[in-house]
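In: Sequence first, predicted coordinates after that:
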Amino acid sequence: MNSAQDALPDRVLATDATVALIAALRERHGPVLFHQSGGCCDGSAPMCFPIDDYLVSDEDVCLGEIGGAKFYISPSQYEYWKHTQLIIDVVEGRGGMFSLENGTGKRFLVRSRLFTDDEALALGLVSHTP
């Protein structure tokens with residue numbers, strides 16, 4: 001990475017509990033990926049799928065990786081969330097009906113924070129005005 005990219009904030013992060021659950025799911029199912037949609041069935045829960053069972057659209061935006069799993073977001077949801085850093089956490093409860101954590105007694109949850117003005121500028125979300 002060049003120094004300019006090193007200064008860019010991560011668009012998606014994961015808690016230690018999330019990384020541990022991803023590792024457990026990977027042991028059981030092989031490589032996985034995440035997709036964040038605004039879907040009807042499971043609301044806006046981040047969904048975890050076996051990498052070969054989910055077709056990522058050419059229009060989906062890859063926000064980065066968490067626990068070695070790529071994290072994608074639909075274009076419409078990206079427009080809503082682009083000014084925020086997503087923090088993927090794990091809480092007790094039922095996972096999304098189609099997501100791999102279903103049945104583990106845990107579910108993935110999105111927490112977020114707005115990027116600071118400097119972070120938004122670095123990411124090209126706002127323009128610098130003199």
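Out: Okay, I see it. Numbering: from 1, shown residues only.
In: what sits against the spatially most central residue of the chain?
Out: Centroid-nearest residue in the chain, with C-alpha atoms, centre = their mean: residue 71, separated by 4.3 Å. Contact analysis of residue 71 by C-beta atoms under 8 Å, 6 or more residues apart in numbering lists 12, 33-36, 46, 62-65, 86, 88. (Glycine included, C-beta is placed from N, CA and C.)
In: Give me the buried entries from the residues you listed.
Out: 12, 33-36, 46, 63, 86, 88 (16 or more other C-beta atoms under 10 Å).
In: Now go through the residues you listed and say which are in helices.
Out: If you go by DSSP state H, these have nothing in helices.
In: Can you verify my assumption that residue 92 contacts residue 105?
Out: Yes: the pair residue 92 / residue 105 is scored as a contact, 6.4 Å apart, by C-beta atoms under 8 Å.
In: what stretches of this protein score poorly on pLDDT?
Out: Scanning the chain for pLDDT under 70 picks out the ranges 1-6, 39-43, 128-130.
In: need the strands for it, in chain order.
Out: Assigned by DSSP state E, the strands in the chain fall at 12-14, 32-36, 46-50, 61-66, 69-73, 84-92, 106-114.
In: Can I get the contacts of residue 71 in a markdown table including distance to residue 26?
Out: Listed next are the contacts of residue 71 as a markdown table, based on distance: C-beta to C-beta, whole Å:
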| residue | distance to residue 26 |
| --- | --- |
| 12 | 17 |
| 33 | 11 |
| 34 | 12 |
| 35 | 16 |
| 36 | 19 |
| 46 | 16 |
| 62 | 18 |
| 63 | 19 |
| 64 | 17 |
| 65 | 13 |
| 86 | 20 |
| 88 | 15 |
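In: Right, I'll call it a day here.
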